[in-house]
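Q: got a predicted structure plus its sequence, pasted below:
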Amino acid sequence: MRHILKKGLKGLAALLFLWAGLVVVTARYGDPRIFPGGQGGLDVILVSNGYHAGLAIPRGPLMEMAEDTGLPALLSIGMRFRHYEWLEVGWGDSEFYRSTPTANEVQWRLALKALLGMGEGTVLHVVGIEGRPEQVFPPNGLVTIRLSQDGFVRLAKRLEETFASSPDRQPEEMGPGLYGPSLFYRAAGSFNLFRVCNHWVADLLDAAGVPTAPGIAFLPAGLMADLEWRSGLKPTRSP
């Protein structure tokens, strides 16, 4: 029994060492000039269901910024969802994402195809949210992130770049979304094992000056742990 316990502790220590190594090797240290946002900053909210992460963004400030800086895709999205206060946005492999409403409905053939980079492009999933995200999603899967005005602008510009370009610079609808008032849009970028939805979220946050470490962002838990460890951003806890 003692021998088994000793081997288990060694295994745990090796995993912790590997985790720390991935943080160090892939760490992006953010931009302290624009993060964290103080008074006058804007909140965005990381939304996680355990295997997939998206980002909730206040629609009003996003529309104002998109109009001021000339971001046609975001302006179109903002008008399309003009009756909602927040937008939740996620990114992923087109076929797998559109076929997986919940974790219980994962089709492993599609998942493997996506992770091997053999998918048929990528999509963005946009959901309109009435009220704040805390009223819609389980609180322990949310992390509120206060951005500066400059950080918010940079994040929005990175999000604009994710929409696939078209001759008229308008986002291309791909059909109904997975839940609530939602739509899929054709996206830019390739999905594979080393570039999953959580890495995409990490890239948006990196653009906003938030420290991230893609090496541990394969699952939302790694992304959330890094946000807590290096930025002091703790998940909302259940009452």
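A: Looks like it arrived, so ask away.

Q: neighbouring contacts of the host helix or strand of residue 57?
A: Assessed by DSSP states H and E, residue 57 sits inside strand 53-58. Here strand 53-58 makes contact (C-beta atoms under 8 Å, 6 or more residues apart in numbering) with 42-47, 85-91, 125, 129, 133, 155-156, 159, 197-198, 201, 204-205, 220, 223. Backbone N, C-alpha and C define where each C-beta goes, glycine included.

Q: try it again at 7 Å.
A: By C-beta atoms under 7 Å, 6 or more residues apart in numbering, the surrounding residues in contact with strand 53-58 are 42, 44-47, 85-90, 129, 133, 197-198, 201, 204, 220, 223.

Q: of the residues you listed, buried ones?
A: Using 16 or more other C-beta atoms under 10 Å as the burial test, these include 42, 44-47, 86-90, 129, 133, 197-198, 201, 204, 220, 223 as buried.

Q: in helices, which of those residues fall?
A: Among those, DSSP state H puts 197, 198, 201, 204, 220, 223 in helices.

Q: pLDDT for the residues you listed - can I get that in TSV?
A: Formatted as TSV, those follow (pLDDT from 0 to 100):
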residue	pLDDT
197	93
198	93
201	96
204	97
220	89
223	91
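
Q: from those, which two are the most distant?
A: 204 and 220 (13.9 Å; C-beta to C-beta).

Q: pull the CA atoms of the strand holding residue 57 into CSV?
A: The C-alpha trace of strand 53-58 is given here as CSV (Å, rounded to 0.1, in the frame of the first residue of the first chain):
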residue,chain,number,x,y,z
ALA,A,53,-15.1,28.4,-23.2
GLY,A,54,-16.5,31.5,-24.7
LEU,A,55,-16.5,35.2,-23.8
ALA,A,56,-19.5,37.4,-22.9
ILE,A,57,-19.2,41.0,-24.0
PRO,A,58,-21.5,44.0,-23.3
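
Q: and the ones in helices among the buried ones among the contacts of strand 53-58, which is closest to residue 78?
A: Looking across these and measuring by C-beta to C-beta, the closest to residue 78 is residue 204, at 16.9 Å.

Q: which residues touch that closest one?
A: By C-beta under 7 Å, 6+ apart, the contact list for residue 204 reads 55, 155, 158, 159.

Q: okay, it and residue 189: tell me how far apart.
A: Residue 204 sits 12 Å away from residue 189, going by C-beta to C-beta, to the nearest Å.

Q: can you check residue 149 too?
A: Distance from residue 149 to residue 189, by C-beta to C-beta: 26 Å.

Q: next: residue 141.
A: Applying C-beta to C-beta to residue 141 and residue 189 gives a distance of 24 Å.

Q: these two: which is more packed in?
A: residue 141 (19 against 16; other C-beta atoms under 10 Å).

Q: can you show me the strands along the protein?
A: Taking DSSP state E as the test, the strands found in the chain are 42-48, 53-58, 86-93, 122-129, 142-147, 173-176, 182-187.

Q: of the ones you listed, which is nearest residue 236?
A: Residue 236 lies closest to strand 142-147 among the strands of the chain, at 4.6 Å (C-beta to C-beta).

Q: look up how far residue 96 lies from the closest residue to residue 145 other than its chain neighbours.
A: In space, not counting the residues next to it along the chain, residue 145 is nearest to residue 44; the distance is 5.3 Å by C-beta to C-beta, 6 or more residues apart in numbering. As defined by C-beta to C-beta, residue 44 lies at a distance of 25 Å from residue 96.
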